[in-house]
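Colleague: Have a look at this fold, sequence not included:
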Ligand SMILES: Cc1cc2nc3c(=O)[nH]c(=O)nc-3n(C[C@H](O)[C@H](O)[C@H](O)COP(=O)(O)O)c2cc1C
């Protein structure tokens, strides 16, 4: 298979309530036994990555959460090829502790750990754990220093850094991680998020969106990154509903929305909208999300990976054509649907990719 294949990640359900704020039955469990088996199914199905979530408290159906770094390690220990991305929040984590923790996990797992630096959107969570709540762009300024410090610690000796948030004096981490440095993902869609990705992150994760919406973000991001001589890859969120017929898939979406818990959706929406609105330009994640969009935490319906395996595979290839490197997938019944996705959708994606590559080669010849 060529290097140029689109990658797949799934959301680790380490938080209760699944990935939709709905009373619809979800055969998904946030516990470790379910998640170990899911990771093994995903690895077998052809997924490249699993993404855990970081959450200290929540009041909208997600009230039980396992800690992301420890949980990610457990999933790495249960698999042999899958990479697991541990979500972390600057503030509760310091770069010194995280650099050490991740370097050790990297050694324990043969170089398969990555991190997702999330900058925080939920003020109530920070207040609950006694962490100062910084204003939107300040959160990103801190995250950028956090990433710069991590890379410095992981890749150099005698690291010295004088930032506004973090300081290091002649620090040498031993052992360094096995990987040159574990991949650094980040989430967020605001201007500050994109500017940070264009300077320091390896990967930019964004909420679900239409192909056109994703393209606009990627064009902006890549132009900025090029000006900084930096390369950044892009992952887009999608809630996947793959069924043998389009009618079945659409009916599942309709049921999810019909059985949405309005109180919980509004509670989540109110908190999430603070994040989007509080970015100076009002363009952050969720700034324009409707009630239906908010039923899926990260606007995953908008990406429209809903339909038959063929329809979904075609849409994935369309996303790839505008520059998407990875699809981050959420599901209603994770174990069954990850297996189905690997069996029915993924082979079609690879077929379409090969066909496109062959057409390109023929056109050049
Ligand atoms: C794919 C993805 C995963 C995220 N995971 C988490 C998470 O686990 N915990 C969290 O608090 N925020 C998470 N976020 C939220 C972002 O880090 C960020 O705070 C939010 O998107 C608002 O940022 P913005 O104002 O730049 O759009 C995630 C965002 C994305 C796109």
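Modeller: Cool, the structure landed. What you are looking at is a predicted structure, and each value in this text was computed from that prediction instead of being measured.

Colleague: following the helix or strand of the chain with the lowest mean pLDDT, which helix or strand shows up next?
Modeller: Within the chain, no helix or strand scores below helix 262-277, which has a mean of 80 by mean pLDDT, DSSP states H and E. Later in the chain than helix 262-277, the nearest helix or strand by DSSP states H and E is helix 291-294.

Colleague: tell me which residues of that next one are tucked away?
Modeller: Neighbour-count burial for helix 291-294, counted by 16 or more other CB atoms under 10 Å, picks out 293-294. (Each C-beta comes from the backbone N, C-alpha and C, glycine too.)

Colleague: Quick check: end-to-end length of stretch 331-350?
Modeller: 21 Å (CA to CA, to the nearest Å).

Colleague: got the contact list for that stretch?
Modeller: 1, 5-6, 8, 10, 13, 18-20, 24, 26-28, 34, 37-38, 41-42, 44-47, 239-242, 252, 256, 309-310, 312-313, 316-317, 329 (CB atoms under 8 Å, 6 or more residues apart in numbering).

Colleague: Residues of the stretch 251-365 of the chain that sit close to the ligand?
Modeller: 275-276, 279, 284-285, 298, 328 (CB under 6 Å from any ligand atom).

Colleague: and these as TSV, adding neighbour count?
Modeller: As requested, these are arranged in TSV below (neighbours: other CB atoms under 10 Å):
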residue	neighbour count
275	22
276	22
279	23
284	26
285	26
298	27
328	29
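
Colleague: can you tell me which of these lies nearest to the ligand?
Modeller: Relative to the ligand, the closest of those is residue 284; by CB to the nearest ligand atom it sits at 2.6 Å.

Colleague: got the phi/psi numbers for residue 205?
Modeller: The phi/psi pair for residue 205 (degrees, to the nearest 10) reads phi -100, psi 140.

Colleague: surely it meets residue 237?
Modeller: Yes. Residue 205 is within contact range of residue 237, at 7.0 Å (criterion: CB atoms under 8 Å).

Colleague: tell me, what's touching those two both at once?
Modeller: In contact with both residue 205 and residue 237: residue 328, using CB under 8 Å, 6+ apart.

Colleague: so what's the residue most central in space within the chain bridging to?
Modeller: Closest residue to the average C-alpha location of the chain: residue 205 at 5.3 Å, with CA atoms, centre = their mean. Beta bridges link residue 205 to residue 187, residue 235 when assigned by DSSP bridges.

Colleague: buried stuff in stretch 90-101?
Modeller: 90-93, 95-96, 98-99, 101.

Colleague: just stretch 118-134 next, same as before
Modeller: Buried residues in stretch 118-134, counted by 16+ other CB under 10 Å: 118-122, 125-126, 134.

Colleague: wait, which of the residues you listed is closest to residue 268?
Modeller: Nearest to residue 268 out of these is residue 122 (CB to CB; 9.3 Å).

Colleague: neighbours of the residue nearest to residue 197 when sequence neighbours are not counted, just the number please.
Modeller: In space, and not counting its chain neighbours, residue 197 is closest to residue 204: 3.9 Å by CB to CB, 6 or more residues apart in numbering. Under the neighbour criterion other CB atoms under 10 Å, residue 204 is assigned a count of 26.

Colleague: wait, isn't residue 204 in contact with residue 190?
Modeller: No. Judged on CB under 8 Å, residue 204 makes no contact with residue 190 at a distance of 11.7 Å.

Colleague: what residues does stretch 242-253 touch?
Modeller: Residues contacting stretch 242-253 (CB under 8 Å, 6+ apart): 241, 301, 305-309, 311-312, 332, 337, 340-341, 344-345.

Colleague: Just flag the most distant two among these.
Modeller: Counting by CB to CB, the most remote pair of the contacts of stretch 242-253 is 301 and 344, 20.1 Å apart.

Colleague: Quick check: phi and psi at the closest residue to the ligand within the stretch 1-150 of the chain.
Modeller: As assessed by CB to the nearest ligand atom, the ligand sits closest to residue 118 within the stretch 1-150 of the chain, at 3.1 Å. Reported as degrees, to the nearest 10, the phi and psi values for residue 118 are phi -110, psi 140.

Colleague: Now it: closest residue in space, sequence neighbours ignored.
Modeller: residue 187 (4.9 Å).

Colleague: So which of the contacts of stretch 242-253 are in helices?
Modeller: 309, 311-312, 337, 340 (DSSP state H).

Colleague: How about residues contacting the helix or strand containing residue 105?
Modeller: Using DSSP H and E, residue 105 sits in helix 95-108. With CB under 8 Å, 6+ apart as the test, helix 95-108 has contacts from 69, 72-73, 76-77, 86, 88, 112-113, 115, 146, 149-150, 153-154, 166, 168, 171, 173, 175-179, 182.

Colleague: picking up where we left off before, contact partners for the residue nearest to residue 197?
Modeller: Per CB under 8 Å, 6+ apart, neighbours of residue 204: 185-186, 193-194, 197, 221, 232-235.
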